[in-house]
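Chemist: Structure of the sequence below:
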Amino acid sequence: METGFKEHLATGFVAVIILLILTFALLPKPPASAVIASAVLAFMLGTLLPDVDAPFSVIRRTVNAVLFLILFLAALVLIYIYHVPMLKFCTSAVSSLDENMCSLALLFGAVALPAAIVMVLDFLIPFHRGIMHGFIASFLYGALLSAVFTAVSVGRTDTLFIALGGMLGYVLHIVVDIIGDVMPVKQK
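Modeler: Residues are numbered from 1 along each chain as shown. The predicted structure follows:
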């Protein structure tokens with residue numbers, strides 16, 4: 001059986017409901033709503049994130065689009081802030097260009113540079129079910145979550161809860177892929 005976005009999303013939803021029930025049933029004092037929401041988000045992202053190495057996966061296309069948008073907006077902000085010095089440099093470096101052409105060149109660069117960065121990163125990401133589909137990657141995802149939530153001054157216990165949620169989601173993705181590989185394929 002082939003596992004894809006829908007299978008990972010469905011198993012993630014079922015698992016997160018089970019984990020929420022267990023959290024409220026077993027913990028004497030459940031975490032705050034924001035912490036639970038962050039853990040659920042980290043868990044659901046973890047169930048989808050390993051497929052970032054699949055060339056046409058939903059998560060890969062989403063990451064590429066968000067990355068392009070962030071880089072494009074950053075380029076526009078830099079152009080807005082440094083517009084005058086950039087125009088002076090452009091017109092002095094290429095004497096045949098006027099300010100309008102230099103402005104167009106800057107806008108072209110604001111689109112072309114982020115697109116090139118996304119394409120290079122797309123090329124550098126390893127093949128599907130490579131290093132991203134390992135338990136070490138799930139640990140690194142949890143460590144990244146822990147570092148991010150520690151940096152924004154979330155309490156130690158809450159950070160651990162969120163990081164564990166993310167790691168469990170990531171591991172669930174790997175387990176679903178393993179089970180999907182050993183299940184027989186339905187004939188149509």
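Chemist: Domain-wise, how is the protein divided?
Modeler: Domain assignment for the chain by automatic domain parsing gives 1-54+128-188, 58-126.
Chemist: Quick check: which of the ones you listed is buried the most?
Modeler: domain 1-54+128-188 (a mean of 16; mean count of other CB atoms under 10 Å). Bear in mind the C-beta positions are built from the backbone N, C-alpha and C, glycine included.
Chemist: Measure how far that one is from the centre of its chain, please.
Modeler: 13 Å (CA atoms, centre = their mean, to the nearest Å).
Chemist: wait, what's in contact with the residue most central in space within the chain?
Modeler: With distances taken as CA atoms, centre = their mean, residue 63 lies nearest the centre of the chain, 5.4 Å away. The contact partners of residue 63, taken as CB atoms under 8 Å, 6 or more residues apart in numbering, are residue 52.
Chemist: rewinding a little: can you add mean pLDDT and give the domains of the chain back as JSON lines?
Modeler: Formatted as JSON lines, those follow (pLDDT from 0 to 100):
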{"stretch": "domain 1-54+128-188", "mean pLDDT": "88"}
{"stretch": "domain 58-126", "mean pLDDT": "89"}
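Chemist: where along this structure do the strands fall?
Modeler: In the chain, no segments count as strands under DSSP state E.
Chemist: What ranges does it have for its helices?
Modeler: Ranges of helices within the chain are 5-26, 33-48, 58-81, 83-93, 99-124, 135-151, 156-182, based on DSSP state H.
Chemist: helices or strands up against the second one?
Modeler: Identification of packing neighbours for helix 33-48 by 3 or more CB pairs under 8 Å, 6 or more residues apart in numbering; DSSP states H and E yields helix 5-26, helix 135-151, helix 156-182.
Chemist: Would you format those helices as a markdown table with distance to residue 108 included?
Modeler: Output for the helices and strands packed on helix 33-48, formatted as a markdown table (distance: least, CB to CB, whole Å):
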| stretch | distance to residue 108 |
| --- | --- |
| helix 5-26 | 34 |
| helix 135-151 | 34 |
| helix 156-182 | 39 |
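Chemist: For residue 115, find the nearest of those.
Modeler: helix 5-26 (24.4 Å; CB to CB).
Chemist: which strands and helices sit next to that closest one?
Modeler: Where contact means 3+ CB pairs under 8 Å, 6+ apart, helix 5-26 is packed against helix 33-48, helix 156-182.
Chemist: closest one to residue 24 among the ones you listed?
Modeler: Short answer: helix 33-48, nearest of the helices and strands packed on helix 5-26 by CB to CB, at 9.1 Å.
Chemist: C-alpha coordinates for that closest one, PDB please?
Modeler: Presented in PDB, the C-alpha positions along helix 33-48 are these (Å, rounded to 0.1, in the frame of the first residue of the first chain):
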ATOM      1  CA  SER A  33      -4.300  25.500  26.000                       C
ATOM      2  CA  ALA A  34      -1.600  27.300  24.100                       C
ATOM      3  CA  VAL A  35       1.000  24.700  24.900                       C
ATOM      4  CA  ILE A  36      -1.400  21.900  23.900                       C
ATOM      5  CA  ALA A  37      -2.200  23.700  20.600                       C
ATOM      6  CA  SER A  38       1.500  24.100  20.000                       C
ATOM      7  CA  ALA A  39       2.100  20.400  20.700                       C
ATOM      8  CA  VAL A  40      -0.700  19.400  18.300                       C
ATOM      9  CA  LEU A  41       0.600  21.700  15.600                       C
ATOM     10  CA  ALA A  42       4.200  20.300  16.100                       C
ATOM     11  CA  PHE A  43       2.700  16.700  16.100                       C
ATOM     12  CA  MET A  44       0.700  17.300  12.900                       C
ATOM     13  CA  LEU A  45       3.700  19.000  11.200                       C
ATOM     14  CA  GLY A  46       5.800  16.100  12.300                       C
ATOM     15  CA  THR A  47       3.500  13.600  10.600                       C
ATOM     16  CA  LEU A  48       3.900  15.500   7.300                       C
END
